[in-house]
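Undergrad: Below is the sequence, then the predicted model.
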Amino acid sequence: MSMLKDIIKRTLFLFGSYPNIYICKNPFKIYEFKEICRGINFSGDEQILDIGCGSGFQSMIIGKRSRKIYGIDTSKKHITSAKRLSHYMKERIESEFRCIRIEDAQFENEFFDKILSICVFEHISNYDEVLREAYRILKKGGQMLFSVDSLETIEDNELLEKHKNDNFVEKYFKKEELQLFLKEIGFRHVEVYPILKSDFAKRLFVKGINTKFRFGYLQSIIVSVILRYRDNLLTKKDKGIFLIAKCYK
């Protein structure tokens with residue numbers, strides 16, 4: 001069964017149109033990924049880094065719109081999966097995956113056109129060092145795009161601690177705090193805003209904390225659309241489950 005799923009994923013990835021993120025079995029991740037990429041111009045001639053790339057699926061989606069995608073992660077298991085996908089797509093997507101921390105990767109100064117990361121920094125105790133390193137290796141005028149956990153709409157401390165413990169979360173971020181820190185590093189045109197602001201998103205995320213976010217493919221697609229629709233009705237609300245950050249060097 002797992003082999004069949006893998007074949008289906010690869011086929012959809014190969015022939016499907018952007019964004020193939022729709023085959024992800026998590027409505028929060030579908031919405032989050034699409035929001036990170038919304039309004040972003042990918043020239044097709046950029047070198048892009050994905051910090052905390054996991055199994056490389058989202059990296060390779062971005063890789064379809066770049067000259068070369070680089071992915072780094074500290075999990076050997078995830079990098080093994082990413083390299084397998086990379087090998088399968090080597091004729092179509094130039095990619096490189098490494099099991100390493102960004103602090104140890106020794107990338108050159110101003111090497112990347114864009115750097116992205118999807119809900120990773122909340123799991124890193126030295127997130128400040130990682131963001132400063134990202135600034136160093138980003139080209140002048142390059143763009144940094146990422147998301148982090150906020151969970152500001154959830155007020156139950158027991159639930160917050162459970163999510164922290166179950167998912168190895170080091171820190172929940174607040175909008176003003178993150179905005180100020182990015183500006184202190186030197187980033188320009190800093191934009192930080194919440195997503196998943198509705199009561200519907202809150203209830204579903206709380207359920208996910210207790211059930212380990214088990215969703216089906218079709219359910220994830222439908223729910224991701226509902227999540228965006230509900231958010232669009234709450235344009236003035238300044239708290240949500242995740243924060244999206246977009247800025248330039």
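TA: Perfect, I can see it now.
Undergrad: so where's the longest helix in this structure?
TA: helix 217-232 (DSSP state H).
Undergrad: list the helices and strands it packs on?
TA: Applying 3 or more Cβ pairs under 8 Å, 6 or more residues apart in numbering; DSSP states H and E, we find helix 217-232 packed against helix 27-37, helix 199-211. Glycine gets a C-beta too; all of them are placed from N, C-alpha and C.
Undergrad: who's in contact with the shortest one?
TA: By Cβ atoms under 8 Å, 6 or more residues apart in numbering, the surrounding residues in contact with helix 27-37 are 19, 21-22, 24, 58, 61-62, 116, 118-119, 145-147, 195-196, 201, 204-205, 208, 213, 215, 219-224, 227-228, 241-242, 244, 246.
Undergrad: if you average pLDDT over it, what comes out?
TA: Helix 27-37 shows a mean pLDDT of 93.
Undergrad: any weak-confidence spans in the protein?
TA: Residue ranges of the chain with pLDDT under 70: 1-23.
Undergrad: what about residue 38, distance to residue 32?
TA: 11 Å (Cβ to Cβ, to the nearest Å).
Undergrad: Looking only at neighbour counts, state which of those two leads.
TA: residue 32 (24 against 11; other Cβ atoms under 10 Å).
Undergrad: Shouldn't residue 143 be within a strand?
TA: Yes. Checked against DSSP: H, G, I helix; E, B strand; the rest coil, residue 143 lies within a strand.
Undergrad: what's around it, how many residues?
TA: 21.
Undergrad: residues contacting it?
TA: 40, 113, 114, 115, 246, 247, 248, 249.
Undergrad: Which residues in the helix or strand containing residue 161 does the neighbour count mark as buried?
TA: Residue 161 belongs to helix 157-167 when assigned by DSSP states H and E. Buried residues in helix 157-167, counted by 16 or more other Cβ atoms under 10 Å: 160, 163, 164.
Undergrad: Output those residues as TSV; include the columns distance to residue 109.
TA: Listed next are these as TSV, based on distance: Cβ to Cβ, whole Å:
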residue	distance to residue 109
160	39
163	37
164	35
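Undergrad: Residue 192 is in contact with residue 240, correct?
TA: No. Using Cβ atoms under 8 Å, residue 240 makes no contact with residue 192, being 11.2 Å away.
Undergrad: At which residues are the strands of this structure located?
TA: Applying DSSP state E to the chain gives strands spanning 47-51, 68-73, 95-99, 112-118, 138-149, 188-195, 242-248.
Undergrad: what about the helices and strands packed on helix 217-232, which gets the closest to residue 140?
TA: When the helices and strands packed on helix 217-232 are compared by Cβ to Cβ, helix 27-37 sits nearest residue 140, at 21.8 Å.
Undergrad: now the angle from the closest one to helix 217-232?
TA: 60 degrees (axes from the mean of the first three to the mean of the last three Cα atoms, to 10 degrees).
Undergrad: buried residues in helix 27-37?
TA: Across helix 27-37, burial judged by 16+ other Cβ under 10 Å covers 27, 28, 29, 30, 31, 32, 33, 35, 36, 37.
Undergrad: Pull the distance from that helix to the chain's centre.
TA: Its chain's C-alpha centre and that of helix 27-37 lie 8 Å apart, by Cα atoms, centre = their mean, to the nearest Å.
Undergrad: Fine by me, we can end here.
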